Each structure stands twice: as C-alpha cells, then as structure tokens.
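Colleague: Fold the stuff below for me.
(one chain, ligands or ions: 1)
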Amino acid sequence: MRSLVCGPTMPSVPFRMITTLRRLAIGLALVAAGCEATDGTSTTAFTGATVWDGTGSPPIADATILVREGRVVSVESNGAVPSGATEIGLDGRYVVPGLVNAHGHVSGAWADGDVVGELERVRGDLELFARYGVTTVNSLGDGEPVVAARDSASDTDPRARLRAAGPVITAEEPAAAREAALDNAEMGVDWLKLRVDDNLGTSAKMPWNAVQAVLTVGDETGIPVATHLFYLEDAKRLLEMGTAMVAHSVRDRPVDAAFTDRLRASGVCYVPTLTREVSTFVYADRPEFFDDPFFIRFANSEEVARLSQADFMRRMADSPTAAGYREGLAHAKENVKTLHDAGVMVAMGTDAGPAGRFPGYFEHMELWMMVDAGLSPADALRSATAVAAECARVDDVGTLEPGHWADFLVLGEDPLVDIRATRSLERVYIAGARVAPDGPGG
Ligand SMILES: [Zn+2]
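Modeller: As a prediction, the model looks like this:
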C-alpha cells in the first residue's frame, strides 16, 4: 500500500518571518520524500495525544505525529497512519516540544561518579538534562570539553543538543579580554560570554574598555556576545554597546520604560534565570523540592547530602549575599512579567549546572516560577521551547513543525491547565527515539 502522507502539510506560520521560508522548504522537501516511499516502513506514527506544537497554534487533539529519519513530517488531528509505519499509541497523553535552556552549564560535574574522562562526563550531564526533557542546552560559559562534546555529537544522540560559549570572559584589561575572546573564537564557540557584576558589591566589575574589547571581537568574528549582569544601568549600557543576549534578570530594581522599549526594539533576548537566585538562598532550610518524587528520580544524592549538612545550611542562612539575592529574586520576578507583557523576547534559562543548581529539575522549576511571576502556562512553555530556540540560535528545534527534529515530551497531564503538570513527564523523545529513563545504557 502506498504511503498516505503525501498531502502538502503546510507548517503553521512561525513567529519570525526570517525563518519561515527555510522551514517551509525543509518541510516540503520531507513531505516530498515521504511521497516517494512506497510504504511507511521507516516512519513512526505517534497517535492519540493532544499536541501543543509550540508554534502558537492551539493544541491539536487526537494528533498523529509522523516522524521520518528523526524529523517531524506532519502533525494532524486524526491523521492517517501509513501502512508499514510503526505506531506508538499515546492516547490520553499530552505532547510538547523538548525544552530548550537558553542559559545552562555543562561542566561534567553531574555525571555518574564512575564516568571517566572530561568528554564522557560532559555527555553524562547532557544525558541528565535529556532525562528531564531538556533536549537542547545553550552552555554559556564552560571549558573546551563542551566544544568537543558539541563537535562529536550526532543529531540523533540520546542526550541534549548543545551550543557552547567556551569559558566566561572576565579579564580586567582590554588586551587580555581581546585575547580571551579570540581564544574562544578559535575554539569554534557559538557564543562569547562575559560577566559584568560586582557580586553585590564584594568584587570589582569588569571594566568597560575590556567589555568593549570582547564586543569588538564579537563584531569581527560574527559571534554573538551574551552578558551576565545584575544592575539595570549595566543592562542599559550593555544593550547600547551591542550585547546579543541579556543572560540574567535585572535584579537591583524594577526595569523602566527606557530599558523595556530599547530591549523590545533591539530584539535582544532576556533570560530570567530565576532558579539561579533560588539556589543562592534556598538551602538555608531544607527545600520542599527535596521531597518531590520528580526531583528524587534523578537527583544527585551526593549533592543533596552536601546541601543538607547543618554547617552548610547555617552558613547560607547567615550569608548576607544570600539575603541580597533573595531580594534580587523579587525584582527578577516583577521584571520578567513587565518585560514579557511589553513584548520582549523572554527565553527560559536557569544557569543550572554549577553546585546547587540541579540540571533538568531546575528547568521545570523555572517554568513553574515564570508562571508564578505572572506568565500564562502557554507563554512560559513558548519561552522554554520556540522562543528559547530562537534566542539560543538553534535551528530546527523548539517547535514540532515539519522539518524540525522530533524532540518532544510525553506528559500524563495537561501543562496548559497547570504548568506543574510538566512533572507528569512519562517519556522523552529526541529525534523520534525514546531517551531511556536511566540514560542510553539503562
Ligand atoms: Zn551562567
């Protein structure tokens, strides 16, 4: 029997015209390829779920997702299953695109203790992200092994896709800043990352002439520059100087109209990293999430034990910086709502990866916190899928459109009703293949 997937499945209108034609071309090419096949033997049909595809279209009930060679061919309500296709029933389930973290870290610190070698450890972190449904990570400030992991990855690996910034640039004078930026560029990074912060007044900020030196290398090489910042005035200045991503919330005060307007007009993305703030104070007491089965499922027990030590908890409780960041979080939550409502591109990011910031779980917590801050569940999910993919400049992920990688989550409950339903995660697919809950070998 001939394949029934020959109809020109038009992608719904993506939210940025610049990519529309490219996506359309890929989608049509794949549909054409499907028509040439005499049967559906290499096609997988996921049937019966309600699919929220991330494009901004309403959910598709009783959807059939057709996947060939790891990519989405079509998503249609009650779509036909081609003869010979492998059918995977998802009745009663909810499907959303894989989560994209626009600001994470992949240090290799979270891999299983027995894993040897920097590259393998980085891959271990990426597997942990993937088990939680974070299928793409933009690593904003990690070492050379991350670039090696990116370069040696295949698009169908059962671990998170990766973009890499190389080491964070914090040089104190322009020549050293330029050299560090050029070193990163030579390494083949996707981003340059610099840090303008005084750590709540406890250290010196990177001088502006050194910041300029990094941005100049960005201009010369075409590599976008993401910036760590804390203060509104610094955010304004960095925006004026040409940063391509505000990689943290403004946390010292409410944003004003001048910044909001400028940010929206620039198209530069804003990445709130609310859970980063949480990690700076939450372990003063035993956090509730330590008892969440969804956390416990993959939590690194050594790190939980370290954070649970009485000494550690007391130091955090007494820490003035912890108190400062707790205040910062209140501003951050107010600002993400203001900026989102004003039409700024807000991309989900967590800064997860360093100690105390649990990869995978923190991305879910970030979504829940964005909704606490006032975003709708659908807007928070857009921020963590389509918008984050665009902000991190990763093609072909973030929405379940024809031509995109079939990276998606299968949930038992509807996250559009209650965003905490992302915790009902049952399965993760990358390029149409199921990620084993215990990793590729499990
Ligand atoms: Zn970071």
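
Colleague: residues from this protein in reach of the ion?
Modeller: Leu140, Asp351 (Cβ under 5 Å from the ion). No exception for glycine: its C-beta is placed from N, CA and C like everyone else's.

Colleague: Right, and the ion sits closest to which residue of the chain?
Modeller: Closest contact between the chain and the ion, by Cβ to the ion, is at Asp351 (4.2 Å).

Colleague: Retrieve the pLDDT associated with that residue.
Modeller: In this model, Asp351 is scored at 97, pLDDT.

Colleague: so what's it up against?
Modeller: Asp351 makes contacts with His103, Gly104, His105, His248, Thr273, Thr275, Arg276, Arg357, as judged by Cβ atoms under 8 Å, 6 or more residues apart in numbering.

Colleague: Run through the residues that contact the fourth one.
Modeller: Listed by Cβ under 8 Å, 6+ apart, the contact set of His248 reads His103, His228, Leu229, Phe230, Val271, Pro272, Thr273, Arg276, Asp351.

Colleague: and those as JSON lines, adding secondary structure?
Modeller: Output for these, formatted as JSON lines (DSSP: H, G, I helix; E, B strand; the rest coil):
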{"residue": "His103", "secondary structure": "strand"}
{"residue": "His228", "secondary structure": "strand"}
{"residue": "Leu229", "secondary structure": "coil"}
{"residue": "Phe230", "secondary structure": "coil"}
{"residue": "Val271", "secondary structure": "coil"}
{"residue": "Pro272", "secondary structure": "coil"}
{"residue": "Thr273", "secondary structure": "coil"}
{"residue": "Arg276", "secondary structure": "helix"}
{"residue": "Asp351", "secondary structure": "coil"}
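
Colleague: Determine which two of those are furthest apart.
Modeller: Greatest spatial distance in the contacts of His248: His103 and Phe230, 14.3 Å, computed using Cβ to Cβ.

Colleague: The stretch 101-250 of the chain: helices as residue ranges?
Modeller: For the stretch 101-250 of the chain, the helices defined by DSSP state H, counting those that start in this stretch occupy 118-131, 144-152, 174-187, 208-221, 232-241.

Colleague: Out of those, indicate the one that is most buried.
Modeller: Highest mean neighbour count of the helices of the stretch 101-250 of the chain: helix 118-131, a mean of 24 (counted as mean count of other Cβ atoms under 10 Å).

Colleague: Can you tell me which of the contacts of His248 are buried?
Modeller: His103, His228, Leu229, Phe230, Val271, Pro272, Thr273, Arg276, Asp351 (16 or more other Cβ atoms under 10 Å).

Colleague: who's the second one bridged to?
Modeller: Each beta-bridge partner of His228 is listed here, defined by DSSP bridges: Arg195.

Colleague: That one against Arg195, yeah?
Modeller: Yes - using Cβ atoms under 8 Å, His228 is in contact with Arg195, at 4.2 Å.

Colleague: so what sits against both of those two?
Modeller: Common neighbours of His228 and Arg195 (Cβ under 8 Å, 6+ apart) are Val168.

Colleague: Could you find the closest non-adjacent residue to the residue of the chain closest to the ion?
Modeller: Distances taken as Cβ to Cβ, 6 or more residues apart in numbering place Arg276 nearest to Asp351, at 3.8 Å, with adjacent residues excluded.

Colleague: The one you found against Phe358, yeah?
Modeller: No - using Cβ under 8 Å as the test, Arg276 is too far from Phe358 to be in contact (11.9 Å).

Colleague: what do those two both touch?
Modeller: Ala352.

Colleague: Checking Phe294 next. Helix, strand or coil?
Modeller: Of the three states, Phe294 takes helix according to three-state DSSP.

Colleague: That one: how many residues sit nearby?
Modeller: When neighbours are counted by other Cβ atoms under 10 Å, Phe294 registers 18.

Colleague: Next up, the contacts around it.
Modeller: Tyr361, His364, Arg423, Leu425.

Colleague: quick one, phi psi at the last one?
Modeller: Main-chain dihedrals, Leu425, degrees, to the nearest 10: phi -60, psi 120.

Colleague: got TSV for the contacts of Asp351, with pLDDT and distance to Val72 too?
Modeller: As requested, these are arranged in TSV below (pLDDT from 0 to 100; distance: Cβ to Cβ, whole Å):
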residue	pLDDT	distance to Val72
His103	98	26
Gly104	98	24
His105	98	29
His248	98	33
Thr273	98	29
Thr275	98	30
Arg276	97	32
Arg357	97	31
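
Colleague: Can you give me the distance of Arg161 to Lys193?
Modeller: Per Cβ to Cβ, to the nearest Å, Arg161 is found 18 Å from Lys193.
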